[in-house]
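[1] no FASTA, just this:
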């Protein structure tokens, strides 16, 4: 009799446990949080300045590169400096046709580009020789004007609001994890052609977006106030076989 009572008790408990337990990942469990969206890889970007010194190549005649939004840049010899001299920029990774590569090299030489890549030392060269920059991406400036402000990647998210300002753009600070929702990207101060402006607005609606150098401004409307990015310069990516505008 006692055994029967104990068996009945354990069966009842097992039934309660079965009802209380839920399988992991079942319909009653909340979904795990999604990671924040990141538009591309926003590290490894450099600005370029032409070398105007007068001396023999390769000690002169290359370009100076600087990690954007950073106070120092690690050069090919391992030292940190405000900027680094490199004797040449390799575009091999872009697989450009010869005529397009020559055209892009001219833009690199005059400094109207942003580069993504890394500094290295030419094979069999000592560390104290001028470095080489190996580019994986080249972004062309819309004009010859020197940029000012902070560098961002900007993307139009497509969000539509009832009232302005609407946080329908995202900005990603280059060479950092910083990102913010902003109310707009103003390209009007960049004296770019209508064709380039149309290309920029089209590119903003892609996952890659455009690169922008600029500062923030406060815009207001019925929904309150928000920050917008005012560009001093914007950049479009080089694509193999597609001539720059």
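    Perfect, I can see it now. Quick caveat, the model's predicted, so the values are computed rather than measured. Residues are numbered from 1 along each chain as shown.

[2] from residue 79, how far off is residue 45?
    As judged by Cβ to Cβ, to the nearest Å, residue 45 and residue 79 stand 20 Å apart. (Glycine included, C-beta is placed from N, CA and C.)

[3] what do you get for residue 70?
    The gap separating residue 70 from residue 79 is 14 Å, by Cβ to Cβ.

[4] out of these two, which sits in the busier spot?
    residue 70 (15 against 11; other Cβ atoms under 10 Å).

[5] what ranges of this protein fall below the confidence cut-off?
    Applying pLDDT under 70 to the chain flags residues 1-40, 122-129, 241-245.

[6] centroid-nearest residue for it?
    Central residue of the chain (Cα atoms, centre = their mean): residue 42, 3.1 Å from the mean position.

[7] just to be sure, it is in a helix?
    No - if the criterion is DSSP: H, G, I helix; E, B strand; the rest coil, then residue 42 is coil and not within a helix.

[8] dump the residue contacts of it.
    Residues near residue 42 by Cβ atoms under 8 Å, 6 or more residues apart in numbering: 153, 172, 173, 174, 175, 176, 177.

[9] any idea how far residue 103 is from the closest residue to residue 95 other than its chain neighbours?
    Excluding its sequence neighbours, the residue lying closest to residue 95 (Cβ to Cβ, 6 or more residues apart in numbering) is residue 240, at 5.3 Å. Going from residue 240 to residue 103 by Cβ to Cβ gives 12 Å.

[10] again with residue 163
    Distance of residue 163 to residue 103, given as Cβ to Cβ: 46 Å.

[11] then residue 52?
    21 Å.

[12] same check on residue 55?
    Computed with Cβ to Cβ, the distance linking residue 55 and residue 103 is 27 Å.

[13] got it, and residue 164?
    From residue 164 across to residue 103, the span is 41 Å (Cβ to Cβ).

[14] also residue 154?
    26 Å.

[15] in terms of neighbours, single out the busier of the two.
    Between residue 154 and residue 103, residue 154 has the larger neighbour count (other Cβ under 10 Å), namely 24 against 15.

[16] quick check, that one in contact with residue 174.
    No - with contacts counted by Cβ atoms under 8 Å, residue 154 stays clear of residue 174, the gap being 10.6 Å.

[17] mutual contacts of those two, please.
    Counting by Cβ under 8 Å, 6+ apart, the common neighbours of residue 154 and residue 174 are residue 211.

[18] residue 212: what's it in contact with?
    By Cβ under 8 Å, 6+ apart, the neighbours of residue 212 are 151, 152, 153, 154, 171, 185, 187, 229, 231, 233, 234, 235.

[19] can you name the next helix or strand after the helix or strand hosting it?
    Per DSSP states H and E, residue 212 falls inside strand 210-221. Next in sequence after strand 210-221, counting helices and strands by DSSP H and E, comes strand 224-237.

[20] show me what that following strand is packed up against.
    strand 131-141, strand 179-182, strand 185-186, helix 194-204, strand 210-221 (3 or more Cβ pairs under 8 Å, 6 or more residues apart in numbering; DSSP states H and E).

[21] recalculate using a threshold of 10 Å.
    Strand 224-237 makes packing contacts with strand 113-120, strand 131-141, strand 150-156, strand 169-173, strand 179-182, strand 185-186, helix 194-204, strand 210-221 when contacts are defined by 3 or more Cβ pairs under 10 Å, 6 or more residues apart in numbering; DSSP states H and E.
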